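J.: Fold the following and give me the result.
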Amino acid sequence: MWISSISYVYFWLIVLIACLIIEAVTTQLVTIWFAAGSIGALLVANVGLSWVAQLGVFLVLSFALLLLLRPLLRGVLRPRQDKTNADRILEQKAIVIQEIDNQNGTGQIRLMGQIWSARSIDNEKIAEGETVVVREISGVKAMVERCERNGGNES
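T.: Prediction:
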């Protein structure tokens, strides 16, 4: 061996520091797994085991942690998505205040005290005063469908 075991310890220490610096400047868990693997390899190097054993410990420990812990931590670290004003209207009932006619490009609904431009999902004309359900949003228009007369179709 032309490199002493002390040099391997320094090598793994440098890898550890580099991984921690990269981890500190990123917003996701990117290199923390490799930092943990380098700690394992550093310990193996300190005991005096071969370069192959050190590399093996580094790879096995890094990828084991990556495969086992990342899925568990992904849910914890994922930013919570709050519904926007537009998302809040999905699946809500609304009253048609201007006849919805896709052919003529007309239609408005009142929902939560706001007036929205609306279009029918199934291209049906929907008369003023009818109750509709918002199924999706397309641009600034609410895409709606008529509520069934048997108490409303919420699904």
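
J.: Contacts only, for S62.
T.: W33, F34, A36, G37, S38 (CB atoms under 8 Å, 6 or more residues apart in numbering). All C-beta spots, glycine's among them, are computed from the backbone N, C-alpha and C.

J.: so what's it scoring on pLDDT?
T.: Note on S62: pLDDT of 94.

J.: ok, the closest residue to it other than its chain neighbours - how many residues close by?
T.: Distance criterion CB to CB, 6 or more residues apart in numbering; nearest residue to S62, sequence neighbours excluded, is G37 at 3.1 Å. A count of nearby residues for G37, using other CB atoms under 10 Å, gives 26.

J.: Let me know the helix or strand that G37 is in.
T.: helix 32-47 (DSSP states H and E).

J.: L16 is in contact with I39, correct?
T.: Yes. Counting by CB atoms under 8 Å, I39 touches L16, with 6.2 Å between them.

J.: Who are the contact partners of D101?
T.: Here D101 is in contact with G107, K125 (CB under 8 Å, 6+ apart).

J.: Repeat that for L59.
T.: Here L59 is in contact with G37 (CB under 8 Å, 6+ apart).

J.: try it again with 10 Å
T.: Counting by CB atoms under 10 Å, 6 or more residues apart in numbering, L59 touches F34, G37, G40, A41.

J.: just the residues you listed now: which is nearest L73?
T.: Closest approach between the contacts of L59 and L73, by CB to CB: F34, at 15.2 Å.

J.: Domains of the chain: list them as residue ranges, please.
T.: Using automatic domain parsing, the domain parsing of the chain gives 5-77, 85-146.

J.: before we move on, back to that, of the contacts of S62, the lowest pLDDT goes to which?
T.: Pick the lowest pLDDT in the contacts of S62 and you get W33, at 91.
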